[in-house]
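[1] have a look at this fold, sequence not included:
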């Protein structure tokens with residue numbers, strides 16, 4: 001990364017990437033009874049914990065920027 005502008009561009013890219021991942025969830029409709037998916041809601045708990053841990057790490061790193 002060469003400049004602060006490059007840094008911001010990189011963050012925007014990752015923001016877009018996260019947005020696309022969240023859109024894949026489609027507000028949970030893929031696992032509801034109306035349109036059942038392949039994954040049981042109970043089985044999602046482990047994935048939720050992994051996502052939470054990753055977001056906690058991201059929050060920590062972002063909090064350190066400029067400190």
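    Now that the structure is in, tell me what you want to look at. Bear in mind that the values here come from a model prediction, so they are computed numbers and not experimental data.
[2] how about residue 54, secondary structure?
    Here residue 54 is helix, with the state taken from DSSP: H, G, I helix; E, B strand; the rest coil.
[3] okay, now it: neighbour count?
    The local packing of residue 54 (other C-beta atoms under 10 Å) involves 10 other residues. Using the backbone N, CA and C atoms, a C-beta is placed for each residue, glycine as well.
[4] name the SS class of residue 17, please.
    helix.
[5] how near is it to residue 42?
    Going from residue 17 to residue 42 by C-beta to C-beta, to the nearest Å gives 28 Å.
[6] the more surrounded of those two?
    residue 17 (10 against 7).
[7] helix or strand with the lowest mean pLDDT in this protein?
    Ranked by mean pLDDT, DSSP states H and E, the weakest helix or strand in the chain is helix 4-25, scoring a mean of 85.
[8] the residue positioned nearest the centre of the chain and residue 42: what is the separation?
    In the chain, the residue lying closest to the centroid (C-alpha atoms, centre = their mean) is residue 18, at 4.5 Å. Distance, residue 18 to residue 42, by C-beta to C-beta: 25 Å.
[9] quick check: residue 61 vs residue 46, distance?
    Taken as C-beta to C-beta, the span from residue 61 to residue 46 is 23 Å.
[10] same question for residue 63.
    Taking C-beta to C-beta as the measure, residue 63 falls 26 Å from residue 46.
[11] same question, residue 25
    In terms of C-beta to C-beta, residue 25 sits 16 Å off from residue 46.
[12] quick one: mean pLDDT for stretch 60-67?
    The average pLDDT within stretch 60-67 is 83.
[13] any idea how far the host helix or strand of residue 62 is from the chain center?
    Following DSSP states H and E, one finds residue 62 within helix 45-64. From the chain centre to the centre of helix 45-64 is a distance of 9 Å (C-alpha atoms, centre = their mean, to the nearest Å).
[14] between that helix and helix 4-25, how many degrees?
    160 degrees (axes from the mean of the first three to the mean of the last three C-alpha atoms, to 10 degrees).
[15] report all helices and strands that helix 45-64 contacts.
    With contacts defined as 3 or more C-beta pairs under 8 Å, 6 or more residues apart in numbering; DSSP states H and E, helix 45-64 has no helix or strand neighbours.
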